[in-house]
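Student: turn this into a structure:
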Amino acid sequence: MKREIKFRAWIPTGSGTGDMVQHSTLQEMIYSKSNTFPMVMLKHIDFMQYTGLHDKNGREIYESDILKVTAEDGQSYVAPVKWFGDNGYPAFDLDHVPDEFDYDANVLATIQAYGETCEVIGNIYENPDLLEAQHD
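Tutor: I've put the predicted structure just below:
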């Protein structure tokens, strides 16, 4: 099975704001003949990779998305998607999963295998308040 490799990017515009640029637009910006994409900007851009997974609505799940995970019993929590390769664990997984949700393996794999649902409700750049409420 061939995995689709895609990225999106957060391009800061100043004062904590920015633009989320989706894969198709990002490709267009980088490869256009008009060279509208200054390569010096690359060090300021946060790239996020597509995990290869979809939420309950069919929406693609990217690194830095914020997911609402709902268990079969109706309990839910909110957590961001993170790449853990820098921590010696080369996989996408959820960060800051509440202790009461005990997973023996990768959370993203487990929730899809055991009937829990996940929904993309935002991302860490445009909706950081979704996580602040969880950690207060």
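Student: may I ask you to confirm that Gln49 is in contact with Ile5?
Tutor: Yes. The pair formed by Gln49 and Ile5 meets the contact definition of Cβ atoms under 8 Å, at 7.4 Å. C-betas here are computed from N, CA, C, even on glycine.
Student: who has more neighbours, these two?
Tutor: More crowded of Gln49 and Ile5, by other Cβ atoms under 10 Å: Gln49, with 15 against 9.
Student: roughly how far apart are the more buried one and Ser15?
Tutor: Applying Cβ to Cβ, to the nearest Å, the value for Gln49 to Ser15 is 27 Å.
Student: touching, Lys68 and Val78? I think so.
Tutor: Yes. Counting by Cβ under 8 Å, Val78 is a contact partner of Lys68 at 5.3 Å.
Student: compare those two (neighbour count), which wins?
Tutor: Set side by side, Lys68 and Val78 show more neighbours around Val78, with 21 against 17, by other Cβ under 10 Å.
Student: my guess is the more buried one meets Thr70, correct?
Tutor: No. If you go by Cβ under 8 Å, Val78 and Thr70 don't touch, sitting 10.4 Å apart.
Student: where does the protein have low pLDDT?
Tutor: Screening the chain residue by residue with the criterion pLDDT under 70, one finds the ranges 1, 29-42, 133-136.
Student: what about the helices in the protein?
Tutor: 23-31, 107-113, 129-132 (DSSP state H).
Student: okay, those helices, which one's buried deepest?
Tutor: helix 107-113 (a mean of 17; mean count of other Cβ atoms under 10 Å).
Student: can you give me the buried ones in stretch 59-76?
Tutor: Neighbour counts using 16 or more other Cβ atoms under 10 Å place 60-70, 76 of stretch 59-76 among the buried residues.
Student: pick the one among those closest to His44.
Tutor: Ser64 (15.7 Å; Cβ to Cβ).
Student: Throw the buried residues of stretch 59-76 into CSV and include distance to Pro90, thanks.
Tutor: Below are the buried residues of stretch 59-76 laid out as CSV (distance: Cβ to Cβ, whole Å):
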residue, distance to Pro90
Glu60, 20
Ile61, 17
Tyr62, 17
Glu63, 13
Ser64, 17
Asp65, 19
Ile66, 22
Leu67, 20
Lys68, 26
Val69, 22
Thr70, 27
Ser76, 28
